[in-house]
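# Here is my input, please return the structure:
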Amino acid sequence: RPKRPESEEAAVTRKGEAELEPAPPRPVEIDLEGIERRVMAFPVPEGKYGRVQGIKGKAIFSSFPVQGSRGGEWFEGPPANGTLEVYDFETQKADRLADGITDFRVGRDGKTLLYRAGERPRVLKAGEKPPEPAAKDDRAAPGRESGWIDLERVKVSVRPAAEWPQMFREAWRLQREHFWTEDMSGIDWELMYRRYLPLVDRVTTRSEFSDLLWELQGELGTSHAYEIGGEYRQGPEYKQGFLGVDWARDADGAYRVAQIVEGDRWDPSATSPLNRAGLDVRAGDVLLAINGQPVGGETSPAEWLVNQAEQEILLTLRRGDADPSTVAVKALADERAARYRDWVVAKRRAVHEATGGRVGYLHIPDMGPGGYAEFHRGFLAEYDREGLIVDVRNNGGGHVSGLLLQKLARRRLGYDFPRWGAPHPYPEESPRGPLVALTNEKAGSDGDIFSHTFKLLRLGPLIGKRTWGGVIGIWPRHTLADGTVTTQPEFSFFFDDVGWRVENYGTDPDIVVDNAPQDYARGADPQLERAIAVSLELLAERPPHSPKPTDRPHFVVPRLTPRDGWAPTLEVTSAPAPLAHTTDLS
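Numbering: from 1, shown residues only. Sure thing, here's the model as predicted:
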């Protein structure tokens with residue numbers, strides 16, 4: 001059948017559509033030969049840089065201030081303190097685009113950029129500087145001009161029960177994809193899915209759903225399989241305030257200051273607010289009222305401190321027969337840091353007193369940023385004593401045990417003697433004498449690893465109780481639909497001597513000593529007492545490394561033999577001429 005002739009109008013339309021179609025992209029060719037010789041340093045100063053993404057003729061990157069990691073929570077996101085910058089390859093200059101960012105992405109077309117400042121998203125043209133707000137402290141209004149996106153305008157209706165089946169499948173899948181061994185340690189994971197899935201329809205509350213996930217992940221029989229957070233309905237929160245005080249109750253029901261927690265006076269969050277400069281509160285003072293509310297009888301101080309965390313409060317106190325006085329203090333939200341410091345100081349004092357100052361003591365509360373800092377705070381003050389007790393009881397785990405063991409494993413081989421000052425040990429900061437470690441059933445994760453490795457390295461005897469027994473590590477980075485974090489045990493630990501068997505068992509101490517409940521009640525510490533005794537025994541067997549500066553070198557100037565036909569002659573004809581400028585110091 002003959003083809004119908006195309007109209008002139010249709011032909012023009014088809015031609016226009018063809019012209020509008022984008023040309024296919026040119027293939028990218030990379031000359032790999034000699035590519036390693038064409039590497040150039042990115043011309044930016046040293047610093048902490050995040051993501052780097054390229055667009056046409058430019059590179060966009062984020063930078064962050066170099067700062068310590070203490071104070072952050074394990075499952076918190078990164079802070080909004082970064083800077084977004086762009087580098088122009090033509091001008092070879094960098095320019096700041098935005099401050100206070102958390103992260104950014106460039107669109108696939110390379111023309112659009114999305115960055116996040118905390119919880120606020122913003123869309124800009126990639127590589128272009130955003131408009132400045134009218135005033136320095138102004139927050140630009142959401143809209144196309146500013147690029148800010150107002151998520152508060154988005155209203156979502158959620159039926160939690162409708163999300164739970166998908167969340168269950170996602171939690172199950174994450175374990176399947178990320179568990180440290182593909183065979184799931186022999187557990188039939190498909191069977192677990194079929195066994196637990198019907199129970200999702202019977203869940204009626206969010207807490208029941210959490211319990212279901214715990215049961216599912218518990219089938220793996222490993223540590224560190226957590227379920228954290230989630231969209232729970234939050235009730236009213238009444239934060240308890242604390243004063244860092246031990247109270248004694250008199251026969252008449254009055255509350256008397258028995259002891260004020262010392263803590264670290266230089267840190268307001270780690271000491272009693274009653275230690276503030278200018279206050280005169282002492283042990284023995286009677287607390288009469290808090291914010292004008294009487295204390296005593298049936299009312300304890302803690303009752304009037306409910307919902308007073310980090311709030312200024314008024315304390316009315318009386319000393320002896322004097323008139324009552326009122327002081328203003330800010331209640332703590334948490335007094336554990338102050339009490340922990342007093343606990344460490346008391347343990348160190350006990351060791352020093354029992355050994356005449358010969359043996360040092362340090363405690364490592366965890367293997368994270370706080371524990372790393374606490375280790376060095378104690379180690380630098382104590383390592384040069386004749387012996388050292390390293391206490392990892394109640395260690396909460398983390399990831400820095402290898403760094404700490406490197407320092408403890410240093411063996412002192414000599415000293416560096418300066419003209420002025422004391423000799424320095426070599427290697428630097430190496431322990432002077434024998435080591436003893438304390439551990440217990442509450443030392444876990446990297447605390448397990450530290451305890452077991454301390455034995456493997458033969459650094460000294462390990463005293464206490466068998467450790468917790470959980471050494472499969474995690475990398476928390478996945479969230480479910482309602483923000484729940486589930487962790488997948490991804491990194492399993494293998495030791496030369498016991499293989500995988502620290503997991504679900506722990507490590508045994510060389511010397512078993514238990515602290516019974518009655519020991520805690522009477523303030524005794526049999527484990528520490530045994531560590532002190534063992535340290536003194538080791539010192540008697542192996543005296544500490546000490547410098548011996550008596551055998552100093554003594555050099556004699558060599559006599560020169562005369563050469564053939566020539567001999568040196570030394571004649572002294574007169575005393576040396578005096579210096580041109582002299583000062584009488586008599």
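# secondary structure class for F61?
Here F61 takes the strand state, with states given by DSSP: H, G, I helix; E, B strand; the rest coil.
# Let me know whether it touches E85 as I believe.
Yes. Counting by CB atoms under 8 Å, F61 touches E85, with 5.7 Å between them. No exception for glycine: its C-beta is placed from N, CA and C like everyone else's.
# more neighbours, these two?
For F61 versus E85, neighbours defined as other CB atoms under 10 Å are more numerous around F61 (20 against 17).
# which residues do F61 and E85 both contact?
V44 (CB atoms under 8 Å, 6 or more residues apart in numbering).
# Just want the most central residue of the chain.
When CA atoms, centre = their mean is applied to the chain, the residue found nearest the centroid is P369 (3.1 Å).
# Can you read off the pLDDT for that one?
Listed pLDDT for P369 reads 93.
# Could you check how far it is from I449?
In this view, P369 and I449 are 17 Å apart by CB to CB, to the nearest Å.
# before we move on, back to that, close enough to count as contact, the residue nearest to the centre of the chain and S69?
Yes. Counting by CB under 8 Å, P369 touches S69, with 4.3 Å between them.
# Next, work out how far apart Q166 and A481 are.
The gap separating Q166 from A481 is 6 Å, by CB to CB.
# In terms of packing, which of the two has more residues around it?
Neighbour tally, Q166 and A481, criterion other CB under 10 Å: the higher count belongs to A481, 15 against 12.
# tally of neighbours for the residue nearest to A381 when sequence neighbours are not counted?
Leaving aside its sequence neighbours, A381 sits nearest to G360 (CB to CB, 6 or more residues apart in numbering; 7.5 Å). The number of residues packed near G360 is 26, by other CB under 10 Å.
# Please apply the same query to N440.
Counted by other CB under 10 Å, the residues lying close to N440 total 24.
# got it, and the one 4 residues further on?
Taking other CB under 10 Å as the criterion, the count of residues near G444 is 24.
# and the gap between the closest residue to it other than its chain neighbours and K93?
Take G444 and drop its neighbours on the chain: the residue closest to it by CB to CB, 6+ apart is W468, 3.1 Å away. Going from W468 to K93 by CB to CB gives 55 Å.
# The two: who's more crowded?
Counted by other CB under 10 Å, W468 and K93 do not tie: W468 has more neighbours, with 24 against 10.
# so that one makes contact with G447?
Yes. With contact defined as CB under 8 Å, W468 reaches G447; the gap is 7.0 Å.
# how much space between the residue nearest to G444 and E219?
Going from W468 to E219 by CB to CB gives 20 Å.
# Can you read off the pLDDT for V436?
Listed pLDDT for V436 reads 99.
# Phi and psi next, for it.
Main-chain torsions, V436, degrees, to the nearest 10: phi -130, psi 140.
# you'd agree it is up against G460?
Yes. Taking contacts as CB under 8 Å, V436 lies within contact range of G460: 5.0 Å.
# Mutual contacts of those two, please.
L538.
# Quick check on these two: which one has the bigger neighbour count.
V436 (27 against 24).
# what comes up buried for stretch 541-559?
The neighbour-count check on stretch 541-559 (16 or more other CB atoms under 10 Å) flags 544-545 as buried.
# Not counting sequence-adjacent ones, nearest residue to R410?
S430 (3.7 Å).
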